[in-house]
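Asks: Predicted structure and sequence below. I'll ask about it afterward.
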Amino acid sequence: MSDTAPRPAFPARVRLGPGTKPANTTVGRTAPAADGQAGGRSRQQAPVFRDRQRLPARAQMVEQLARNGIRDPRVLQAMASVDRHLFVDSALGSRAYEDTALPIGLGQTISKPSVVARMTELLLQGGVTGGDGRLGRVLDIGTGCGYQALVLAQLATEVYSLERLRALHEKARANLRQLRVPNIHLILGDGMAGFGSGAPYAGILAAAGGQQVPRAWVEQLAVGGRIVAPVAAAASRQALTLIDKTADGVRQTVLEDVCFVPLKSGVG
Ligand code: SAH
């Protein structure tokens, strides 16, 4: 692994699009809550949309997420706060708010908004949150273009995001630099080994699927934390899988089938 030291913080906040209330983006440099108590969820209202004709594409995307089962208003707010079009090639910009994966180069894709929202909600429900409902330090495996990391940054004190492909690591750095997000740390490295310097993590989310969840991730997860990751199921299938770590051990829950790029070892 190279270049593994956390980068200096960006100085300012995420830029919000028109018509969106600020998410709780004041992340400060507070003590990580990885070993904090769950609870104290804030009671925000989910966005309400009346005139679909006049909705910008991103608001329509959020409305569709809510219709399709994303319930947590904090997740809807985070999805409403992040400009997905900044993470895809300009030629694909008009499709940025469709519920579809799009190419980001090197055979990799930006995940579908519905999958990003689903995994984020699962992480928030099962990870270690502080009294403000915010996750503590989170590990994001497979930075890609950086979109998922930015969504997580709305909801966690710190996000450590690992990418094994240098070109994508640099792309994410360029994408995020313009947004000046103080609580994302981009790391070039093999995510299979996790990132010990940030451990223990309140939650770990992976956007690439292997045969099983690497042992390092379980070791680096805080007690009370959750891993959300695609894992090989039977034959050529992958299933979204949760690992919840308690004082008594780990519990694995297999959810719906998903389709992610493979988790590969090494840095390239
Ligand atoms: N999180 C991205 C998804 C990117 S696709 C988003 O917001 O859309 C998944 C990424 O995982 C790819 O960029 C791929 O290179 C990366 N990846 C695969 N195996 C990895 C590993 N062992 N460590 C780090 N990144 C890995």
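Replies: Done, it's in.
Asks: Can you list phi and psi of the nearest residue to L176 once chain neighbours are set aside for me?
Replies: Closest residue to L176 apart from its sequence neighbours, by CB to CB, 6 or more residues apart in numbering: G146 at 5.0 Å. C-beta here means a position set from N, CA and C on the backbone, and glycine is covered the same way. Backbone torsions for G146, taken as degrees, to the nearest 10, come to phi 100, psi 0.
Asks: residues contacting G146?
Replies: For G146, the contact set (CB atoms under 8 Å, 6 or more residues apart in numbering) comprises F87, S161, K171, A172, R173, N175, L176, I184, L186.
Asks: Contacting the ligand as well, which ones from those?
Replies: Among the contacts of G146, no residue sits close to the ligand (CB under 6 Å from any ligand atom).
Asks: who in the stretch 1-150 of the chain is up against the ligand?
Replies: In this structure, the stretch 1-150 of the chain approaches the ligand at residues Q108, T109, I110, S111, I141, G142, T143, G144, C145, Y147, Q148, judged by CB under 6 Å from any ligand atom.
Asks: Out of those residues, the closest to G196 would be?
Replies: Using CB to CB, I141 comes nearest to G196 of those, at 13.7 Å.
Asks: Hmm, the closest one is touching Y201, no?
Replies: No: I141 is beyond contact range of Y201, at 10.7 Å (criterion: CB atoms under 8 Å).
Asks: quick one: which of the two has more around it?
Replies: Legend: neighbour count by other CB atoms under 10 Å for I141 and Y201, higher for Y201 (31 against 26).
Asks: The more buried one - nearest residue in space that isn't next to it in sequence?
Replies: Y201's closest residue in space is L139 (CB to CB, 6+ apart), at 4.6 Å.
Asks: swap in Q154?
Replies: A78 (3.8 Å).
Asks: separation between the one you found and the ligand?
Replies: Separation of A78 from the ligand (CB to the nearest ligand atom, to the nearest Å): 13 Å.
Asks: Just the element for that residue, please.
Replies: Per DSSP states H and E, A78 falls inside helix 73-81.
Asks: Export that helix to PDB, keeping only CA atoms.
Replies: Extracted in PDB, the C-alpha atoms of helix 73-81 (Å, rounded to 0.1, in the frame of the first residue of the first chain):
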ATOM      1  CA  PRO A  73     -35.000  11.200   6.300                       C
ATOM      2  CA  ARG A  74     -31.300  11.700   7.000                       C
ATOM      3  CA  VAL A  75     -30.400   9.400   4.000                       C
ATOM      4  CA  LEU A  76     -33.000  11.200   1.700                       C
ATOM      5  CA  GLN A  77     -31.500  14.500   2.800                       C
ATOM      6  CA  ALA A  78     -28.000  13.400   2.100                       C
ATOM      7  CA  MET A  79     -29.000  12.100  -1.300                       C
ATOM      8  CA  ALA A  80     -30.700  15.500  -1.900                       C
ATOM      9  CA  SER A  81     -27.600  17.400  -0.900                       C
END
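Asks: In terms of secondary structure, what does the helix or strand harbouring E121 contact?
Replies: Assigned by DSSP H and E, E121 falls within helix 113-126. Packing partners of helix 113-126 (3 or more CB pairs under 8 Å, 6 or more residues apart in numbering; DSSP states H and E): helix 57-67, helix 73-81, strand 135-141, helix 147-153, strand 201-206, strand 221-232, strand 238-246.
Asks: Downstream of the fourth one, the next helix or strand is which one?
Replies: Heading C-terminal from helix 147-153, the first helix or strand you meet, by DSSP H and E, is strand 156-163.
Asks: buried ones in that next one?
Replies: Residues of strand 156-163 classed as buried: A156, T157, E158, V159, Y160, S161, L162, E163 (neighbour count, 16 or more other CB atoms under 10 Å).
Asks: ok, and what's touching it?
Replies: Strand 156-163 is contacted by residues 6, 27, 30, 32-33, 130, 134-144, 146, 148-149, 152-153, 169, 172, 183-191, 194-195, 197-198, 201-203 when judged by CB under 8 Å, 6+ apart.
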